[in-house]
Structure formats: structure tokens, C-alpha cells
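Asks: Sequence below, structure please.
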Amino acid sequence: MGPRRGDVLENADVRPAAAAVAIVVGAASLQVVLFPAASDTSWLRFAIEILLVPLPLICSFVLSTIRDVQAVWRPLYVGTVLIGLYAVTDALDEVVSHPDTFAVVFEDGALFVGAVAVVIGGYRWVGRKRAYEEDLERRNERLDQFASVVSHDLRNPLNVAQMRLELARDGHGIEHLDTVADAHDRMESLIEDVLQLARSGDAVGDTEDVGLATVAADAVANTNLDAAALTVEADMNLRADPGRLTAVFENLFRNALDHGGPDVQVRVGPLEDGFFVEDDGPGIPPEERDRIFESGYTNNPDGTGLGLAIVSGVAEAHGWTVEATAAESGGARFEFRDVALAAEVSTSGPRR
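Replies: Numbers count the residues shown, from 1 in each chain. Presented below is the predicted three-dimensional model:
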């Protein structure tokens, strides 16, 4: 049994186009009924001008393919309907006598408003296309990063593990197995970081209010940072994806441990338009602060170079910026700012 006709029409989404046709045809019928025939009827010009009417109606059908993009579809659809009204009214000028006010509204007015709506829709479409291309470029960059990790960073410890395992099998001592275990740990860390990086720049899903102190405590539990080494200056609520925000703090805490050692102290606190995370380690040289968020960049031979790239990607996905600077202690300080909130603060002044 085949699909019902109504289902097919609904799947094809022809209802908006059908509505546009009904509006234009209905307007034309009313004009023929309400207004007297023109004293000087030009059927040839009417036939030529009426040929323009199907064009906006066809456009309204084509637009059904982007109906899910409401911000783009709505102005384009309204524009095509209004231009259709203009076209049919302009054609009927040759066969009926329109009042001047009616002609101004349904010809000049409809054409002007319709053109403005089409321009707005086109502008939004171009902006959306540009954003899509930028997102695609970022995804391609991440693919290149993954290829680099797989072809180089993962291959090195894999080769080491294979060689040491062969030595152990040949009876050259089981101490080689310790190196095999270290290589496997290294590969596991790389794989975990690559998986996080793969989704770090993706748009976040459902968000909720997350306490700064709560997410920092959760991150401490998943790292080697001593809970006593964490100081939360003040709590605040963040609108975020809890799991991905926790990953940000985990990577920052691991970064502090890698560079500041097991005795490093970490402080977390709110900003006017975001929050900060800082440590009392050796800090980041000014000339490196613009590079540390690049995938694969690290000055730690045991690091993957992916942790801060993950931090940057998750921040971007939430609509935040992240900047590396120096703490008062000389350590590393990372400041996260909500772009929308920062704009609000800059226009309305500091909140009290």
C-alpha cells in the first residue's frame, strides 16, 4: 500500500507554495470582480506581463527546501508573495481600472516591501553560508590535526611498545614491559584527548545552570590535583553543558600540574562577564600566549599538546572567549568571557 496523498504533500512541504498561489490568485479574482474594466484594454501587454507572475510563485516552492531555517525562509517567503501580488496587480492594470490608492498600496508598496524582505532574507542566507563555510574549515583543520596525531604521535609510542615487547619475548628481560606499559598509557592519553578534541568545537546541546564551585570540585576528582590545592574565591552560576565544562577544568588542572608540579595551587573565581582559572606555577611566556591554544603545541615532552586546544574549542562552542595571561603570582591565568554578556556589560556599565 503506497503513501497517502496527504502524506506525500506534507513530506514535499508544498503547503507554503500552495498558500502563495492561493493568495495571488485570490487577489487577482477579487480585482476582476470589484473593479470595472479599463477603458483602453491592452490584452497583449496583459498577456506579456502576466507571464511574470509564476516566477515568484515558483520561488516560493523552491524556498520550501530551506523552511527549517526560519530566519532565512520567512523574509524570503514573504518577499516572494508580495512580489507576486505586485506582478499580478501590475498585469491587471491593463484590463481593469484600479483606484489610485489601491495601485499605490498593491503595486508600489508591495514591490518595495517585498524587495526589502528579499534583501533581508538574502543577507541572512549569505551570513549563514559564511558561518557554515567557517565551521567546515574548522572541521577540516581538526581532521588534519587528527591525521597528524594518528600518523605521528600515536605511531611513536606504538613502535616503542612493539620493539620493547619483541625484546621481552626474546628473553632480554621483563623490564622492557614497563616501557611497553608506559607507551600504552601514552597512547590512551592521546586517544582520550583526540576524542575530546573531536567534539570540542561542536555546538553544545542542552545547557543548564552549573555552579562554578561544583564543576571545579568535579574536575578535581578526575585529576591528580589535591582538593586542598583548589581555592574557589566565590561561586557563580554558568549556563553551560556540565560534562564539557568539566572537561575544560580538568584540562586546565592537568596543565597546572604538568607545569607547576604536584604542589601547585589553583584559584578559580568569577569575573564581571565570565570566570577565571589561575595557578602559581611558572606561567606562560608572553611570546607563547597566542600559540598555546593551537592543537599539538606544547613545551612538555610528555604532553599531548591537545589539552588547551580542547579548552579553546569548548569555550568557542559555548559562545565564550578564552585568553591566557599572567596571574599576580606569576603563574598562568585563563580568563573566560561570555561574548553576549561582555557586550551587555560594555554598553550598560559594570553590574552592582
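Asks: Just the CA trace of the helix or strand containing A20, in CSV.
Replies: Assigned by DSSP states H and E, A20 belongs to helix 15-34. Taking C-alpha atoms only, helix 15-34 is exported to CSV below (Å, rounded to 0.1, in the frame of the first residue of the first chain):
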residue,chain,number,x,y,z
ARG,A,15,1.7,24.0,1.6
PRO,A,16,3.5,27.3,1.8
ALA,A,17,3.8,27.4,-2.1
ALA,A,18,0.1,26.5,-2.3
ALA,A,19,-0.8,29.3,0.1
ALA,A,20,1.2,31.8,-2.0
VAL,A,21,-0.6,30.7,-5.2
ALA,A,22,-4.0,31.0,-3.4
ILE,A,23,-3.2,34.5,-2.1
VAL,A,24,-2.1,35.7,-5.6
VAL,A,25,-5.0,34.0,-7.4
GLY,A,26,-7.5,35.2,-4.8
ALA,A,27,-6.2,38.8,-5.1
ALA,A,28,-6.4,38.7,-8.9
SER,A,29,-10.0,37.3,-8.7
LEU,A,30,-11.1,40.0,-6.3
GLN,A,31,-9.7,42.7,-8.5
VAL,A,32,-11.6,41.4,-11.6
VAL,A,33,-14.8,41.2,-9.6
LEU,A,34,-14.5,44.5,-7.7
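Asks: Now do the same for it: mean pLDDT, whole number.
Replies: Helix 15-34 shows a mean pLDDT of 91.
Asks: Next: stretch 266-281.
Replies: For stretch 266-281, the mean per-residue pLDDT is 94.
Asks: so where do the helices sit in the stretch 101-250 of the chain?
Replies: 110-148, 155-169, 176-200, 212-221, 242-260 (DSSP state H, counting those that start in this stretch).
Asks: mind giving me JSON lines with those and columns for mean pLDDT?
Replies: Shown next, in JSON lines, are the helices of the stretch 101-250 of the chain (pLDDT from 0 to 100):
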{"stretch": "helix 110-148", "mean pLDDT": "84"}
{"stretch": "helix 155-169", "mean pLDDT": "76"}
{"stretch": "helix 176-200", "mean pLDDT": "70"}
{"stretch": "helix 212-221", "mean pLDDT": "90"}
{"stretch": "helix 242-260", "mean pLDDT": "87"}
